[in-house]
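got a predicted structure here, sequence first:
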Amino acid sequence: MSARQKYTDVKKGAQDRMPQEEMKKPLILGGASPRHLKTSISDPSTPLVGIMGTGDFSRSLATRLVASGYRVVVGSRNPKRCASLFPEEAEVTTQHQAATQADLVFVALFPEHYSTLAGLREPLVGKTLVDVSNGTKINRDKQSYAEQLANIFPESSVVKAFNVISAWSLQTGPRDGSRQVLICSDSSRAKSAVLQICRSLGFIPVDMGRLSSAQEIENTPLYLFPSWRVPCLSTLCLFFFFYAYNFLRDVVHPYATAGKSKFYKIPVEMVNVTLPSVALVTLALVYLPGLVAAFLQLSWGTKYRRFPNWLDRWLQQRKQLGLCAFLCAALHAVYSLCLPMRRSARYNLLNTAFKQVKVGQEDSWVEEEVWRMELYLSIGILALGLLSLLAISSLPTVGNSLNWREFSFVQG
Ligand SMILES: NC(=O)C1=CN([C@@H]2O[C@H](COP(=O)(O)OP(=O)(O)OC[C@H]3O[C@@H](n4cnc5c(N)ncnc54)[C@H](OP(=O)(O)O)[C@@H]3O)[C@@H](O)[C@H]2O)C=CC1
Ligand SMILES: [Fe+3]
């Protein structure tokens, strides 16, 4: 059984057990009719928007469309059972009737069930179909779901859109992280109709070109923290560079020139010396692109010119670089706080060893003990570092990258 099948079954089971009154409630708290989603008066000239399916996405979309002044008709396999879940202004009817009446149809079904819609080919001829589906795995070689839908309905114009918006954001309203809606289609007429709806719902449409871009759009919500890859990699590279430099300077050099063994410094002291250098350079990388941008604008004599792509990407990753710098600085503070404790512990240990040697006991356990202490300490500090990383990643700014998946958590 696929992951999606399991998810759908669990969700369906929960919905069947849930009393109708409970299901009527909107997903967000604050009463049955949130003030910001009060119905606008529909203009008879606005297109009649159809939605196939009566699941969470369909309910949220219908609520927002009605609130934005659109006339809505919902197509269900069982319209009687589901009618009460939708705003009064939306008509809930059979799939065939909805397809016949609507000017533009959102397909809010899981792609596995697209084939069950094949009977609606005729009423949907010449109409726009919006595919909102998402995959469960990153797809590189199979056809996108939007293209599969286009194969089933060769005489309709398929548009890929809204898959990056969660049912939750549709109801709560667009927020910073999830305002952009990626859209693509082979028909420019169909695309501009969806662009228009997107703007009216308060989102920002981003034209991604032809329907062949649908695969990339479907993969988008599945990438975990895409904007973090380069900042994390550059912080790691800087760390290895400074660590290697410190290793050569503080350990290899004294050993090679004076035969002094400083290998005990490897786990704690050297990491502690490396961290502030990484933090400072990373912080410099946060401010540097701003200066380069200002310099370019001054030399061009205008601010109305696009920056080169590399600078654009660098500017967009300043927040992540800043958080990496903060993490290194925080870890340095933790290490520095731990160092005095470590020194005093080693002093006690050496004192005991000295006393033992004085009374005639010779043993190499002291050195082993020092190593064990250093090891435990570094494991403890690393665990602390990971914990702070987890705390930072749960900040809302970072959490925005979760996009539509936030909804699944709420539903679960
Ligand atoms: N939920 C979310 O936050 C988001 C969902 N999406 C996409 O929207 C689509 C719908 O998601 P969601 O609303 O959560 O799903 P649900 O499981 O809540 O709803 C799916 C609906 O499909 C309809 N349906 C039609 N034919 C079948 C069939 N043969 N078997 C089962 N169901 C059928 C059902 O309505 P009826 O019984 O009335 O016919 C059902 O309510 C998916 O493609 C998903 O990837 C995209 C972005 C966000
Ligand atoms: Fe310091």
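Arrived safely. Being a predicted model, the structure only gives us computed values, none of them experimental. Ligands and ions are numbered 1, 2, ... in the order given.

can you report phi and psi for the residue in the stretch 1-150 of the chain that ligand 1 sits nearest to?
Nearest to ligand 1, among the residues of the stretch 1-150 of the chain, is Gly55, at 1.9 Å (CB to the nearest ligand atom). Every residue, glycine included, has its C-beta placed from N, CA and C. Dihedral pair for Gly55: phi -80, psi -160, per degrees, to the nearest 10.

that one reaches Ala108, doesn't it?
Yes - with contact defined as CB atoms under 8 Å, Gly55 reaches Ala108; the gap is 6.2 Å.

the more surrounded of these two?
Per other CB atoms under 10 Å, whichever of Gly55 and Ala108 has more neighbours is Ala108, with 25 against 19.

how about the residues of the stretch 1-150 of the chain near ligand 1?
8, 11, 53-58, 76-78, 82, 108-110, 113, 116, 132-134 (CB under 6 Å from any ligand atom).

cutoff 5 Å now
53-57, 76-77, 82, 108-110, 113, 116, 132-134 (CB under 5 Å from any ligand atom).

name the nearest of those relative to Leu339.
The nearest member of those to Leu339, counting by CB to CB, is Asn134 at 49.0 Å.

could you identify the helix or strand that succeeds the helix or strand containing Gln148?
Following DSSP states H and E, one finds Gln148 within helix 145-152. Helices and strands here follow DSSP H and E; after helix 145-152, the next one along the chain is strand 157-160.

how far away from the center of its chain is that next one?
24 Å (CA atoms, centre = their mean, to the nearest Å).

the residue of the stretch 1-150 of the chain closest to ligand 1 and Ser76, how far apart?
The gap separating Gly55 from Ser76 is 10 Å, by CB to CB, to the nearest Å.

do a quick rundown of the strands in the stretch 51-200 of the chain.
Per DSSP state E, counting those that start in this stretch, the stretch 51-200 of the chain carries strands over the ranges 71-76, 91-94, 104-107, 128-131, 157-160, 180-185.

please apply the same query to the stretch 201-350 of the chain.
204-207.

neighbours around whichever residue of it sits closest to ligand 1, how many?
Ranked by CB to the nearest ligand atom, the top residue of the stretch 201-350 of the chain for proximity to ligand 1 is Pro221, at 7.6 Å. Per other CB under 10 Å, the neighbour tally for Pro221 reads 20.

with Gln180 instead?
Residues lying near Gln180 (other CB under 10 Å) number 16.

buried subset of the residues of the stretch 1-150 of the chain next to ligand 1?
By neighbour count, with 16 or more other CB atoms under 10 Å, these hold 53-57, 76, 82, 108-110, 132-134 as buried.

cross those against helices and list the overlap.
Using DSSP state H, the subset of those located in helices is Asp56, Phe57, Cys82.

confidence score at the residue nearest to the last one when sequence neighbours are not counted?
Nearest residue to Cys82 in three dimensions, chain neighbours excluded: Thr54, at 4.0 Å (CB to CB, 6 or more residues apart in numbering). Note on Thr54: pLDDT of 94.

how about low-confidence regions in the protein?
For the chain, the stretches with pLDDT under 70 are 1-44, 175-178, 343-344, 360-367, 392-412.

just checking, what packs against the helix of greatest length in it?
Assignment by DSSP H gives helix 318-358 as the longest helix of the chain. Helix 318-358 makes packing contacts with helix 229-247, helix 269-300, helix 365-393 when contacts are defined by 3 or more CB pairs under 8 Å, 6 or more residues apart in numbering; DSSP states H and E.

if we go to 10 Å?
Counting contacts by 3 or more CB pairs under 10 Å, 6 or more residues apart in numbering; DSSP states H and E, helix 318-358 packs against helix 229-247, helix 269-300, helix 365-393, helix 396-399.

make JSON lines out of those helices and add distance to Ala193.
Converted to JSON lines, the helices and strands packed on helix 318-358 look like this (distance: least, CB to CB, whole Å):
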{"stretch": "helix 229-247", "distance to Ala193": "36"}
{"stretch": "helix 269-300", "distance to Ala193": "37"}
{"stretch": "helix 365-393", "distance to Ala193": "39"}
{"stretch": "helix 396-399", "distance to Ala193": "33"}
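
as TSV, these with distance to ligand 1 and mean neighbour count would be great.
What follows is the helices and strands packed on helix 318-358, written out as TSV (distance: least, CB to the nearest ligand atom, whole Å; neighbours: other CB atoms under 10 Å):
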stretch	distance to ligand 1	mean neighbour count
helix 229-247	24	16
helix 269-300	33	16
helix 365-393	22	14
helix 396-399	16	13
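
relative to Leu120, which of these is closest?
If we rank these by CB to CB, the stretch that ends up nearest is helix 396-399, at 38.4 Å.

any shared contact partners between Gly55 and Ala108?
Ala167 (CB atoms under 10 Å, 6 or more residues apart in numbering).

returning to that earlier point: what's the farthest-apart pair in the buried ones among the residues of the stretch 1-150 of the chain next to ligand 1?
Using CB to CB, those span at most 21.9 Å, a distance reached by Cys82 and Asn134.

can you tell me the residue of the stretch 151-300 of the chain closest to ligand 1?
Closest point on the stretch 151-300 of the chain to ligand 1, by CB to the nearest ligand atom, is Ala167, at 3.6 Å.

for that residue, give its distance to Ala108.
9 Å.

any residues in contact with both of those two?
Among the neighbours of Ala167, those also in contact with Ala108 (CB under 10 Å, 6+ apart) are Gly55, Asp56, Phe57, Ser58, Arg59, Ser60, Leu61, Val132.
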